[in-house]
Every structure is written in structure tokens, then in C-alpha cells.
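Asks: Sharing a model prediction with you, sequence too.
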Amino acid sequence: MDETQRAFLEELLGTASPSGFETTGQRRWVEYVSEFADDVRTDDYGNAVATVEGTADTSVALAGHGDEIGFMVRDIEESGAIRMTPIGGSDRTVSKGQHVRIHTDDGPVPGVVGQTAIHLRDREDDSVDDISEQHVDIGVTDDEAAEELVERGDPITFDQTISELENGRISARGLDNRIGIWAAAEGLRRAAEGGTEATVHAVSTVQEELGLQGAKMVGFDLAPDAVVATDVTHATDAPGTPGDRSTGVELGEGPVVARGSANHPNVVEAVRAAADEEDIDIQLQATGSRTGTDADAFYTSRGGIPSLNLGVPNRYMHTPVEVLDLEDLDDAADLLAAFAESAHEQTFTVEV
């Protein structure tokens with residue numbers, strides 16, 4: 001990952017794009033891919049597609065979702081306290097005591113999610129309030145002052161910076177799934193530089209965290225021959241992972257190829273072959289029922305689009321301190337490019 005690619009990743013991570021409010025992040029992604037794509041387009045909800053035209057009669061899509069989880073201003077109390085509602089799968093156990101930003105039309109408003117001091121709490125009550133019972137303090141003294149700054153429906157995200165950890169690892173909020181759209185963009189760029197014969201689309205979808213909604217729109221409209229949706233997947237090598245939820249996926253051991261459910265066997269085989277050809281280490285993961293990613297929407301679009309979920313190992317998903325290994329991410333982009341470059345040689349239909 002060179003300096004330009006790293007700067008792009010940091011820009012994506014530094015741009016708040018909670019589901020339903022992805023425009024700023026999508027705009028930055030479009031700016032980046034426009035430098036090397038033959039065509040870039042967006043739809044009415046902000047899904048973005050960048051295309052490199054090939055000469056073969058094959059088209060593949062490399063996808064990620066550009067949205068993140070967050071919160072929203074639900075109500076404003078007389079005291080000026082702001083009540084929240086979640087956007088997507090926000091975790092009520094990690095929100096208290098955090099710095100947040102409320103994103104308004106006039107710019108961000110800083111605040112904190114209040115947490116009653118340990119001295120004042122009932123020491124025997126270790127329950128965690130639902131998000132609807134938590135509040136944001138922006139420092140005002142009444143509702144009139146608060147309403148001059150924020151409105152009901154304004155999105156809220158954690159105010160979190162990128163932390164450099166040891167061994168080429170980083171921590172940040174929103175790695176899920178800014179890393180997926182980074183990999184899609186970089187996979188497209190690297191495939192273009194490699195002289196792909198297939199037509200390759202890079203896709204940044206919206207509202208994945210609300211039910212894979214953007215992928216449903218793009219899958220129907222784009223109808224490629226195959227899709228690889230890149231998203232984070234759980235690295236279960238950290239302390240605290242329940243034994244019955246362990247998958248063997250480890251941080252730093254390479255991108256993860258999912259098998260089962262949405263994951264088309266021919267696409268699985270093509271990606272594994274590309275990994276072998278490029279000497280890229282991969283891990284395998286069982287997904288017996290669903291992947292929980294955009295692949296679940298793509299593979300049932302139209303009459304069925306052969307799809308695959310490619311995972312990047314991630315610790316502490318849906319918290320402000322998600323952790324990944326940058327080498328896993330860079331390898332994922334290389335693998336996407338290698339798959340795209342070999343796509344014109346593939347058959348994505350099972351023989352029955």
C-alpha cells in the first residue's frame with residue numbers, strides 16, 4: 001500500500017457516512033475512482049459504480065458497502081439532552097462515555113454520550129441501558145438552545161481517530177466497511193493496470209447496514225456475470241470469543257474466502273485459483289446459512305448472480321475500536337484484481 005492508497009483509506013475512514021447519509025463518503029470514492037475508470041455513475045440513492053471496459057464478453061463486479069452504523073437524534077428533552085435511536089446494528093454496550101459528533105446541515109456538533117459516574121450508580125446493577133435510554137450532552141442548558149444546533153433525524157457517529165498499532169495493524173471506527181470500498185476501488189485500479197480483458201465494475205453500495213438495500217438496487221441494474229462483495233469478517237483469535245463461535249479466522253493470515261449459502265462454487269474456485277496463481281495466502285470460512293453481507297442480496301438479483309463474500313479479518317466489529325491488519329487488506333485488493341483479470345476464462349454456471 002503506497003502513500004496515495006493509504007491517504008485514500010484514511011480519507012474514507014475520516015468521513016462519516018452512516019446509513020442513509022452516505023453522500024460525502026460516496027463523493028470522495030467517486031473522485032478517487034474517476035482517475036482511472038472509463039465511466040463512473042451513481043443512482044438516485046447514491047450507489048456508485050465505476051467501470052473499466054474490457055474486450056471480452058464477460059463482466060464482473062467488485063463490491064463493498066460505503067455506509068457505517070451510527071445513531072440518530074430521536075428527541076430533544078427540555079433539559080437539552082438529546083435522545084438517540086440506532087442506525088443499523090449499533091452496540092449499546094460500547095456507546096456510553098464516548099465522544100460523538102452530530103452531523104447537521106451547518107456542520108458537526110460535538111457531544112458526549114453521558115454515563116453516570118461509578119460513585120453514583122447502584123454497584124449491584126450492572127445492566128446496560130438501551131440506546132433509546134441513553135443521551136447525548138452537547139453542553140446546552142435547555143431544548144431551545146439545542147434546537148438551534150441540531151434537528152431530529154440528524155445522524156450521529158463516534159468521534160474516533162485512526163490509531164496505529166503494532167505489526168502493521170490499525171484501529172478505527174467504520175472499518176466496516178470503508179475497507180470494502182477501498183478494496184473494490186483498488187482492485188479495479190490494479191485490474192486496469194494489469195490489462196483486464198473482462199469488463200470490471202467497482203461498486204460502493206449504500207444502506208447495507210439497514211438490510212443490504214443498495215446491493216439489491218445495484219444487482220438488479222448492473223447484472224454482471226459474477227460479483228465479489230468484500231466486507232469485514234470476524235477474526236476470532238482475540239480473547240473473549242466464545243468457543244462455539246470460533247471460525248479459525250485470524251488477523252494477519254490473509255483474506256477470507258467464504259463457502260456455502262450465497263457463495264457460488266465456481267466463483268469460490270476461481271478466487272482460490274487466482275490466490276494460488278498470485279501466491280496470496282487465504283483463509284476459508286463456513287457460511288452455512290447466510291453471509292450477512294451484500295453477497296446475500298447480489299446472488300438473488302435478477303435470475304441469480306454468481307456471488308462470493310470475500311472477508312477481511314476484523315476484531316471488535318461494530319465498536320469504535322475495530323482492528324485489522326493492513327496486509328490482509330492489501331492482499332484482498334490484489335486478489336480482487338487477479339480474479340478480475342482471469343474472469344474472461346471462467347464459467348460461472350454450475351453443471352447439473
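Replies: Right, received. Where do you want to start? Residues are numbered from 1 along each chain as shown.
Asks: Nearest spatial neighbour of residue 289, chain-adjacent residues omitted?
Replies: With sequence-adjacent residues excluded and distances taken as C-beta to C-beta, 6 or more residues apart in numbering, residue 289 is closest to residue 261, at 5.8 Å. Backbone N, C-alpha and C define where each C-beta goes, glycine included.
Asks: hang on, the one you found packs against residue 286?
Replies: No - the criterion here is C-beta atoms under 8 Å, and residue 261 misses it with residue 286 at 9.3 Å.
Asks: Would you check that residue 348 makes contact with residue 227?
Replies: No - Residue 348 is not in contact with residue 227 according to C-beta under 8 Å; the separation is 9.9 Å.
Asks: before we move on, the earlier item: so between residue 261 and residue 286, which is more surrounded?
Replies: More neighbours sit around residue 261 than around the other of residue 261 and residue 286, counting by other C-beta atoms under 10 Å; the figures are 17 against 12.
Asks: Now do the more buried one, the pLDDT please.
Replies: On the pLDDT scale, residue 261 is placed at 95.
Asks: Ok, residue 122 next?
Replies: Spelled out, the predicted local distance difference test score at residue 122 is 84.
Asks: That one: neighbour count?
Replies: When neighbours are defined as other C-beta under 10 Å, residue 122 has 8 of them.
Asks: Find the helix or strand that it is a member of.
Replies: For residue 122, there is no host helix or strand (DSSP states H and E).
Asks: Just the strands from the stretch 51-200 of the chain, written as ranges.
Replies: For the stretch 51-200 of the chain, the strands identified by DSSP state E, counting those that start in this stretch occupy 59-65, 70-76, 82-87, 99-104, 107-113, 135-137, 155-158, 163-164, 169-172, 199-205, in order along the chain.
Asks: do you know which of these lies nearest residue 280?
Replies: Distance to residue 280, taken as C-beta to C-beta, is lowest for strand 59-65 among the strands of the stretch 51-200 of the chain, at 15.2 Å.
Asks: Okay, angle between the closest one and strand 199-205 too, please.
Replies: Relative orientation of strand 59-65 with respect to strand 199-205: 20 degrees, computed using axes from the mean of the first three to the mean of the last three C-alpha atoms, to 10 degrees.
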